[in-house]
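Colleague: Below are the sequence and a predicted model for it; my questions follow.
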Amino acid sequence: MQVLVAYDVVTEHAAGRRRLRKIAQTCKNYGQRVQKSVFECSVNDMQFESLLRELRDIMDEEEDNLRIYRLREPKEQFLSVYGRDTYIDFGEPLIL
């Protein structure tokens, strides 16, 4: 399944900045950054549950906000991108 992970972390203190880095690193482990606090992830059901558990363990539910959307597939049919697009489809051949 394709999911979109968006987060907003309060970074006014050191603990918030650490949470922000940990959340970004966790998201990188499952997908790729498409905007500063937005990741697209391709995961199976087990990976999805693991991702959700890891992110909820890191975040402070009193201060932070985490939003996860399941993307309708095929994603390309429902996605419009304007401006610079940094997404790489790792399912396709990669030409260097």
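Modeller: Now that the structure is in, tell me what you want to look at. Numbers count the residues shown, from 1 in each chain.

Colleague: centre of the chain versus the lengthiest helix in the chain, how much separation?
Modeller: Counting residues, the longest helix found in the chain (DSSP state H) is helix 14-30. Relative to the chain's own centre, helix 14-30 is displaced by 11 Å; criterion: C-alpha atoms, centre = their mean, to the nearest Å.

Colleague: and that helix, which residues are buried?
Modeller: Buried residues in helix 14-30, counting neighbours by 16 or more other C-beta atoms under 10 Å, are found at 19, 20, 22, 23, 24, 26, 27, 30. All C-beta atoms are positioned from the backbone trio N, CA, C, and that covers glycine.

Colleague: tell me what that helix is packed against?
Modeller: Where contact means 3 or more C-beta pairs under 8 Å, 6 or more residues apart in numbering; DSSP states H and E, helix 14-30 is packed against strand 2-8, strand 38-42, helix 45-58.

Colleague: show me where pLDDT drops low in the chain?
Modeller: Across the chain, the ranges flagged by pLDDT under 70 are 75, 86-96.

Colleague: Need the residue closest to the centroid of it.
Modeller: Nearest residue to the geometric centre of the chain (C-alpha atoms, centre = their mean): residue 39, 2.8 Å.

Colleague: For it, which non-adjacent residue is spatially closest?
Modeller: Using C-beta to C-beta, 6 or more residues apart in numbering and skipping the chain neighbours, the partner closest in space to residue 39 is residue 27 (4.0 Å).

Colleague: Relative to residue 19, how far out is that neighbour?
Modeller: Per C-beta to C-beta, to the nearest Å, residue 27 is found 12 Å from residue 19.

Colleague: ditto for residue 83
Modeller: Plainly put, residue 83 is 28 Å away from residue 19 if you go by C-beta to C-beta.
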